[in-house]
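Enquirer: Please work out how this folds:
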Amino acid sequence: MGRHSLPDDYARRDGGGGSRPRRRRTVALATMVVLAVAAGTAVAVQGGLLSFSESCEDSAVRLSMVASPDIAPAVHAVADQARKDGVRSDGRCLYVQVVARDSYKVADALSAGTRTPDYQVWLPDSDLWLDRAQGGGNSIPITPEDSIASSPVTLALLPSAAKTLGWPRKKYSWAELTASATESDKVRLGAADPARSATGLLALTSIAASSDEQGGDSDTRVAATAKLLAQRMSDGDTQVLETLAQDDSGAEGGNPQRNQAVLLSEQAAFAHNAASAGSGKLDLFYPKDGTPLLDYPYTLVNETKLSTDESRAALRFMTLLGQESARHTLAERGFRATDGTTGEAVVASAGGRAPQPYATPSAVPPSTEALQETLGMWTITVQSARLTTVVDASGSMATIVPGRNQSRMDVTKASLIQALDQFTPNDEIGLWEFATTLDGDKDYRTLVPTARLGDPVKGGGTHREKLAAAFSALQPVPNGATGLYDTTLAAYKAAQATYVKGKFNAVVILTDGSNQDYRSISRSGLISELKRLADPERPVPLLAIAVGPEADREEVDEIAKVTGGGGYQVTDPADIQAVILQAVMTAGQSSLDAQE
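Expert: This next block holds a predicted model:
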């Protein structure tokens with residue numbers, strides 16, 4: 001916060017031993033003036049000539065904050081008390097209106113940038129939403145400041161289910177815990193949609209990281225876990241609590257449609273237990289390899305558009321949220337301090353008990369790349385994909401990648417093969433390549449038709465194996481140029497013609513340059529044609545990835561956006577795998593939202 005000066009200097013004045021010259025006459029005169037004004041004001045107030053409340057109301061600095069629904073009531077209580085106490089910013093009363101709004105909805109709206117926000121401050125439940133909010137080309141700028149609270153992500157169970165897993169004595173890693181809970185359907189486990197819930201995403205990412213530590217075929221294990229969670233998925237954290245069984249009739253009893261365990265934040269369990277009685281209360285497992293934290297970052301929205309009074313008032317309110325009285329208000333509602341520490345009472349009320357490692361330092365926050373990979377994998381798991389992969393085979397793909405003794409094509413092939421491991425046997429993928437005059441007058445040709453990865457093929461093996469071999473065989477075409485526009489249109493038409501309802505249909509185009517076929521359709525002509533062909537009832541987003549420094553991200557983004565997709569840039573082709581998963585996640589979630 002070094003960039004900002006806080007309103008109303010709350011720093012203690014210098015209390016050192018140095019003395020200042022005493023100006024008795026000035027002090028005396030000032031005191032007389034103050035007394036005279038005070039006396040006059042008292043008379044005016046008694047006579048109804050002045051009203052401090054009206055004056056405060058008229059001159060107040062008013063802020064609007066949208067906050068994650070779990071923390072909104074606590075922040076509202078702090079704001080309400082500040083108003084009652086007459087807390088001021090630069091001498092003006094501070095009025096803060098707090099509105100509960102799901103973090104993913106705010107992030108998506110800020111990323112789209114199509115509407116001016118009606119709020120100046122945003123308090124999401126996790127900083128992972130900040131990256132999502134800034135993911136669009138026209139996104140509204142945000143300025144993250146300090147975290148104001150935290151809450152660890154846990155596994156919450158009804159008492160009988162917790163007993164089945166040895167609670168509270170037995171300790172598990174994330175991978176061990178989910179494996180034990182889902183083994184032979186021992187415990188019915190539910191989760192909130194990781195695309196809409198920071199709790200769900202952080203938990204799933206922790207499961208993936210923990211599985212990697214176990215070694216072996218971790219990707220398959222994590223995909224299997226995700227598949228099970230997807231079958232009992234809820235839209236958000238509030239909804240996942242509503243899926244819990246109404247009675248605790250044992251691990252084998254009760255309504256099979258109801259969950260006995262859910263991935264949940266400690267604070268959500270605290271709130272649930274406060275409203276429950278007896279067997280309806282939850283017990284918490286805290287994985288021994290560390291629990292990720294929801295961290296509630298205080299964030300200014302469109303800061304350059306804020307007035308000086310608004311900006312300083314927003315920082316004044318953030319300071320207020322860090323004071324002891326506000327921290328007490330947050331703790332009363334089950335939130336931890338920003339460093340993850342808390343009192344025994346909060347843990348006990350939430351359902352934690354020794355020797356569960358509830359005081360173990362939180363896990364290292366997952367990287368943005370890890371979160372994107374998890375989201376991409378999740379989107380594919382929830383909704384099987386049907387992708388046409390279109391790879392640039394122009395001569396420039398033979399260019400050596402700086403720092404590697406490999407060509408762009410070689411690194412691209414390796415990244416595509418790696419990405420292939422993230423897809424399930426039910427996913428459908430095909431392969432095209434393109435370069436000028438590759439197939440007669442056509443700039444493109446189909447190498448592997450789009451089909452289920454698990455399907456057998458002639459000669460033995462599966463479609464997955466055939467596709468991996470085709471990826472490996474890709475070679476740059478000597479003197480071939482980039483025939484981007486005609487190829488894009490042809491691939492889009494083919495994907496629409498073979499559209500499969502119920503799957504995530506998309507075209508993934510990888511190119512290292514701009515269109516070089518000057519006999520082809522123009523860019524404006526291509527965009528107009530794609531707009532005409534796009535069908536909201538049969539969405540086929542283009543996911544265009546510009547590879548290398550010569551590629552034009554703005555060009556591919558402009559083309560892809562009209563289909564509901566987007567353009568991406570990678571400097572190193574080795575990053576293609578992560579970007580494909582990110583692109584699939586982003587477009588896949590938009591597709592799911594559009595169908596609701």
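
Enquirer: can you map out the helices along the stretch 201-350 of the chain?
Expert: Secondary structure of the stretch 201-350 of the chain (DSSP state H, counting those that start in this stretch): helices at 218-231, 237-241, 266-274, 308-321, 324-332, 344-350.

Enquirer: In terms of helices and strands, where is the residue nearest the centre of the chain?
Expert: The centre of the chain sits closest to W129, judged by Cα atoms, centre = their mean, with a distance of 4.0 Å. Using DSSP states H and E, the secondary-structure element containing W129 is helix 128-133.

Enquirer: just checking, what packs against the helix or strand just after that helix?
Expert: Using DSSP H and E, the helix or strand that follows helix 128-133 towards the C-terminus is strand 142-147. Other elements packing on strand 142-147 under the criterion 3 or more Cβ pairs under 8 Å, 6 or more residues apart in numbering; DSSP states H and E are helix 128-133, strand 297-301, helix 308-321. For every residue, glycine as well, the C-beta is placed using N, CA and C.

Enquirer: Buried ones in the second one, by neighbour count?
Expert: Of the residues in strand 297-301, those buried under the neighbour-count criterion (16 or more other Cβ atoms under 10 Å) are P297, Y298, T299, L300, V301.

Enquirer: ok, those vs Q372, which is closest?
Expert: Using Cβ to Cβ, P297 comes nearest to Q372 of the buried residues of strand 297-301, at 18.8 Å.

Enquirer: just for the stretch 1-150 of the chain, where's the confidence low?
Expert: 1-55, 136 (pLDDT under 70).

Enquirer: Helices of that one, residue ranges please.
Expert: According to DSSP H, counting those that start in this stretch, the helices that the stretch 1-150 of the chain contains are 24-46, 52-59, 72-85, 103-112, 128-133.

Enquirer: Count the neighbours of the residue nearest to the residue nearest to the centre of the chain when sequence neighbours are not counted for me.
Expert: Nearest residue to W129, sequence neighbours excluded (Cβ to Cβ, 6 or more residues apart in numbering): A107, at 4.3 Å. Residues lying near A107 (other Cβ atoms under 10 Å) number 24.

Enquirer: now swap in Y499 and tell me
Expert: 14.

Enquirer: check contacts around it.
Expert: Y499 makes contacts with R386, N505, R538, V540, as judged by Cβ atoms under 8 Å, 6 or more residues apart in numbering.

Enquirer: Select, from the residues you listed, the two members most distant in space.
Expert: Longest span within the contacts of Y499, Cβ to Cβ: R386 and R538, 11.6 Å.

Enquirer: can you list residues touching both of the two?
Expert: Jointly contacting R386 and R538 under the rule Cβ under 8 Å, 6+ apart are Y499, N505.

Enquirer: Which one's more surrounded, these two?
Expert: Higher neighbour count among R386 and R538: R386, with 24 against 13, using other Cβ under 10 Å.

Enquirer: returning to what we had before: which stretch among the helices of the stretch 201-350 of the chain comes nearest A156?
Expert: Taking those one by one with Cβ to Cβ, helix 266-274 is closest: 4.8 Å.

Enquirer: who's in contact with that closest one?
Expert: Contacting residues not belonging to helix 266-274 are listed as 70-71, 151-154, 156, 199, 237, 241, 264, 281-282, 284, 294, 333-336, 346-347, 349-352, 358 [Cβ under 8 Å, 6+ apart].
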